[in-house]
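> Build me a model from this:
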Amino acid sequence: MKTIGATIKTIRKQKRLTQKEVYMGIVSRNFASRFENGHNSVESEKLFAILKRLEISPNEFQFIHYNNSEYWFNSILSQLDNDASKKKTDTLMKKHAEFRKNPSLDSQILAAIAYIKIYIIGNNPLKMNIDPAYPLKNHLTETKYWSVFELRAFVDGIFIFRKDPVGLFNCMTKVHEVYKKYKGFTEYSYIIEQSVASIILNYVQIELTNFNYNSSTFQKITDNSCYSTITDFTAKLTIDFARLIIFLYLGSDQKNDEANCYEFIRILKTLQHDDYIVFKEIYQYHLPLSQRYRMKQL
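As a prediction, the model looks like this:
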């Protein structure tokens, strides 16, 4: 397994920082070189100071150091994602109850995620009681530097900010920051891109159901130049679908906009794409709402 120093070196180079910028006043230049090459170790106080210079949290460092899959927090999140994809509501309810029994903050966060997953697959997340999800909301709000774990948790956790525009805006800013931070780590690229795309789609849904029909706001999110570098096919497909949902409400040609969205869903069905059912349900939910909105504009 790679040393802590080697991981620090990887992060430093990804951020294009010099050793002087990271270690000055903490350890000597010679010590820093030996540390990054695995020959020296540092005490916890100095490690925390180094992480602060790198602008990453201890949890985020663990995520990178243990290479995602070995990081226990992320491993459990993957299990919850898998249960949700297979619609194992009973399993999720058992895990929710199990985690809630443990008073630790980590367990309470995982319990909140399991609770949200239950609503995502069986109920309307826009109407759920957010009280059981408060530990996750607090974690996402208070964590200054997000890791990929926070990004993935926010994919569904975004719905607990549906009545908190300030919190939603701040979290969307963190989404942008974590994307820029991790896009250079090729081993995480598909996770990052798919998570960001799903967040954009869910953000659009929240804003539309909150009657926020500001087209410039949507354009800033869906057409962000930073996200133009996304290459993952599923992620690009999700962002395209988010734009189509916006056009259902705000497009210049209602008939054509509805036809484009329907054709998109039809093609997904023909391709037997994994997201067909989810996108179809989203389309069917928003179609009558968009029609009512357009009628009021006449």
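> Around residue 7, count how many other residues there are.
18 (other CB atoms under 10 Å). Using the backbone N, CA and C atoms, a C-beta is placed for each residue, glycine as well.
> For residue 186, see how far away it is.
16 Å (CB to CB, to the nearest Å).
> can you check residue 230 too?
For residue 230, the distance to residue 186 (CB to CB) stands at 14 Å.
> Same question for residue 179.
14 Å.
> same thing with residue 111?
On the measure of CB to CB, residue 111 and residue 186 end up 33 Å apart.
> The two - which one has more neighbours?
Neighbours of residue 111 and residue 186, each counted by other CB under 10 Å, are more numerous for residue 111; the result is 22 against 8.
> Flag the shaky bits of this protein, pLDDT-wise.
Along the chain, the model assigns pLDDT under 70 to residues 1, 59, 63, 66-74, 122-123, 187, 215, 222-226.
> Pick out the residue nearest the middle of it.
The chain has residue 151 as the residue nearest its centroid, 3.0 Å off, counting by CA atoms, centre = their mean.
> Can you name the residues in contact with the strand or helix carrying that one?
Assigned by DSSP states H and E, residue 151 falls within helix 148-157. Residues outside helix 148-157 that contact it (CB atoms under 8 Å, 6 or more residues apart in numbering) are 59-60, 63, 68, 71, 73-74, 77, 81, 109, 112-113, 116-117, 120, 125, 133, 136-137, 139-140, 143, 146, 171, 174-175, 178-179, 182, 188, 191-192, 195-196, 198-199, 202.
> Give me the subset of the residues you listed lying in helices.
59-60, 63, 73-74, 77, 81, 109, 112-113, 116-117, 120, 136-137, 139-140, 171, 174-175, 178-179, 182, 191-192, 195-196, 198-199, 202 (DSSP state H).
> Can you name every helix or strand that the helix or strand harbouring residue 207 contacts?
Using DSSP H and E, residue 207 maps to helix 189-209. Under the contact criterion of 3 or more CB pairs under 8 Å, 6 or more residues apart in numbering; DSSP states H and E, helix 189-209 touches helix 148-157, helix 165-182, helix 215-222, helix 233-250, helix 276-297.
> Mean neighbour count, these: which tops it?
Stretch with highest mean neighbour count among the helices and strands packed on helix 189-209: helix 148-157 (a mean of 24; mean count of other CB atoms under 10 Å).
> can you give me how far that one is from the chain middle?
4 Å (CA atoms, centre = their mean, to the nearest Å).
> And for stretch 128-144?
14 Å.
> Mind listing what's buried along that stretch?
128, 130, 132-133, 135-137, 139-140, 143 (16 or more other CB atoms under 10 Å).
> That'll do, ta.
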